[in-house]
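1. Following is a predicted model, sequence given first.
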Amino acid sequence: NAGVTQTPKFRILKIGQSMTLQCAQDMNHNYMYWYRQDPGMGLKLIYYSVGAGITDKGEVPNGYNVSRSTTEDFPLRLELAAPSQTSVYFCASSYSRLVVTDTQYFGPGTRLTVL
Amino acid sequence: TQLLEQSPQFLSIQEGENLTVYCNSSSVFSSLQWYRQEPGEGPVLLVTVVTGGEVKKLKRLTFQFGDARKDSSLHITAAQPGDTGLYLCAGGRSGNTPLVFGKGTRLSVIA
């Protein structure tokens, strides 16, 4: 199994540009998550999904959009990039959040810089 | 408002020393997880504790969940350079609510 994969690894955007961060998992997990990690700030949840067709906002959703058309894929869309969105973005998945002890598996991250 | 406070924020020690890092909250959690993140990679789960007072050991790492399930600690014995990384705690609440992560403790073990 490849686990959780993310593309691209690095990206530089100009202010106002748009892009989609790709995330895929091959573990048949129901739950998928997008986090951003700023220096010294830990992980902040952007959006999450409990299954195909179902998404919900996390702590910091403004400026982002998501969709979940399949169990495997959970892309994150930035419509009008701003310098405040410079961060490292992590995608994660878990089998089920109904079990509070469930493990989240993280991808390697996408480092995004907005200039 | 940060639900989970981790301390210290940074820690630099010599190889062979012992250390303890803390994860504290005013809220009760159903479970508490510890993750380790190495540079350029995503976090990886180390342990999950679910019972108040529970102690789990993973080689030289000892994890404890507070009796009231509001805090946790991670103790490392005889730290090695391979222990270097960012240690994150994450609290689980009941139902379908997502995990809450602390800001992490960045540990550097110098040979």
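-> Happy to help now that I have it.
2. Spell out the secondary structure type for the most centrally placed residue in chain A.
-> Centrality entry for chain A: nearest residue to the mean C-alpha point is residue A:34, 2.6 Å, by C-alpha atoms, centre = their mean. For residue A:34, the assignment made with DSSP: H, G, I helix; E, B strand; the rest coil gives strand.
3. Secondary structure element for the residue lying closest to it once chain neighbours are set aside, which one?
-> Closest residue to residue A:34 apart from its sequence neighbours, by C-beta to C-beta, 6 or more residues apart in numbering or on different chains: residue A:46 at 4.4 Å. Backbone N, C-alpha and C define where each C-beta goes, glycine included. Per DSSP states H and E: residue A:46 is located in strand A:43-51.
4. Need the CA coordinates for stretch A:65-83. PDB is fine.
-> C-alpha atoms of stretch A:65-83 as PDB (Å, rounded to 0.1, in the frame of the first residue of the first chain):
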ATOM      1  CA  ASN A  65     -12.800  24.500  -0.700                       C
ATOM      2  CA  VAL A  66     -12.900  20.700  -0.800                       C
ATOM      3  CA  SER A  67     -14.800  17.900  -2.600                       C
ATOM      4  CA  ARG A  68     -15.000  14.200  -2.000                       C
ATOM      5  CA  SER A  69     -16.400  12.400  -5.000                       C
ATOM      6  CA  THR A  70     -14.700   9.100  -4.300                       C
ATOM      7  CA  THR A  71     -13.500   7.300  -1.100                       C
ATOM      8  CA  GLU A  72      -9.900   7.500  -2.300                       C
ATOM      9  CA  ASP A  73      -9.500  11.200  -3.300                       C
ATOM     10  CA  PHE A  74      -9.900  14.400  -1.300                       C
ATOM     11  CA  PRO A  75      -8.500  17.500  -3.200                       C
ATOM     12  CA  LEU A  76      -8.100  20.900  -1.500                       C
ATOM     13  CA  ARG A  77      -8.800  23.900  -3.700                       C
ATOM     14  CA  LEU A  78      -7.300  27.400  -3.100                       C
ATOM     15  CA  GLU A  79      -9.200  29.900  -5.200                       C
ATOM     16  CA  LEU A  80      -7.400  33.200  -4.600                       C
ATOM     17  CA  ALA A  81      -4.100  32.600  -3.000                       C
ATOM     18  CA  ALA A  82      -3.000  35.000  -0.300                       C
ATOM     19  CA  PRO A  83       0.300  35.300   1.600                       C
END
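5. Report the buried residues of that stretch.
-> Neighbour counts using 16 or more other C-beta atoms under 10 Å in any protein chain shown place A:66-68, A:71-72, A:74-76, A:78, A:81 of stretch A:65-83 among the buried residues.
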